[in-house]
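Colleague: Okay, here's the prediction I keep looking at, along with the sequence it came from:
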Amino acid sequence: MNPDQLILALDVSDANEALAWVRRCHDKIACFKIGLQLFTAQGPDFVREVRKTGAKVFLDLKLHDIPNTVAKAVESVCRLDIQFLTIHTLGGHDMMEAAVRAVSLSAPQTTLLGITVLTSHNNDDLDDLGFDHTTTGQSLLLAKLAKSAGLRGLVCSPQEVALLRKELGADFTLVTPGVRPVGAAVNDQSRVATPAEALANGSSHLVIGRPILHAPDPEAALESILRE
Ligand code: C5P
């Protein structure tokens with residue numbers, strides 16, 4: 001695996017601990033994911049700290065609001081010089097289009113990624129929310145809407161990635177969490193695949209957290225993922 005394809009999820013609240021992970025893994029991993037836990041605790045200054053180390057940042061804010069508000073938030077976030085930023089495709093065509101326009105004007109090097117159906121949702125949850133589709137059907141529908149709004153990347157489960165790759169084409173960025181090396185604990189993820197399976201099915205990038213952060217020997221865990 002190319003080290004650019006692996007993203008470490010910095011799922012901790014403490015800035016020093018997160019920076020220590022960046023310094024410890026940066027020679028093997030190019031990009032680090034800052035999610036809501038860390039961003040709400042540490043704010044934009046922390047993103048600047050990570051950028052100072054030379055590491056790339058995936059800012060997983062899952063933006064979802066009216067088009068103008070999302071476009072303005074995207075504009076602000078793009079000043080932080082990040083590699084990936086997430087928005088919810090459920091915000092609709094116009095919201096996604098406004099976000100795409102904001103990125104192309106302020107930071108064309110940033111790739112916007114659409115979130116389709118959260119992997120914590122199953123078919124019953126979608127039914128409760130009034131959707132007629134299965135999780136797979138709904139993901140496909142939202143993926144096509146995202147493409148029509150100008151998005152060129154999505155976050156998806158490793159089990160949907162083959163279908164989405166076929167539907168969206170070779171140059172779409174497909175980022176998959178829920179990746180577990182052979183023998184690693186599944187934790188709260190339900191639809192998982194190994195790194196090799198996810199890449200073979202069409203993932204362009206893998207997001208991995210606990211299999212490295214919670215490993216007894218994180219360096220060895222990282223090496224074995226890269227080898228796999
Ligand atoms: O520890 P683990 O490898 O399960 O971490 C996966 C990361 O990917 C977490 O930061 C989680 O929030 C994120 N994620 C996910 N499923 C999604 C979107 C993001 O697990 N659909």
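Modeller: Received it, and whenever you're ready, just let me know what you need. Numbers count the residues shown, from 1 in each chain.

Colleague: what residues does the least confident helix or strand in the chain by mean pLDDT touch?
Modeller: Of all helical and strand segments in the chain, the minimum by mean pLDDT, DSSP states H and E falls on helix 218-227, at a mean of 91. Contacting residues not belonging to helix 218-227 are listed as 1, 3, 6, 24-25, 28-29, 181, 184, 195, 208, 211-212, 215 [Cβ atoms under 8 Å, 6 or more residues apart in numbering]. Where C-beta positions appear, they are placed from N, C-alpha and C, glycine not excepted.

Colleague: Report the buried members of those residues.
Modeller: The neighbour count (16 or more other Cβ atoms under 10 Å) marks 6, 25, 29, 181, 184, 195, 208, 211, 212, 215 as buried among the contacts of helix 218-227.

Colleague: between these, which is nearest the ligand?
Modeller: Proximity of the buried ones among the contacts of helix 218-227 to the ligand (Cβ to the nearest ligand atom) peaks at residue 208, which lies at 4.8 Å.

Colleague: related to what we said a few turns ago, among the contacts of helix 218-227, which lie within strands?
Modeller: Counting by DSSP state E, the contacts of helix 218-227 place 6, 208 in strands.

Colleague: among the contacts of helix 218-227, which are in helices?
Modeller: Under the assignment DSSP state H, the contacts of helix 218-227 contribute 24, 25, 195, 211, 212 to helices.
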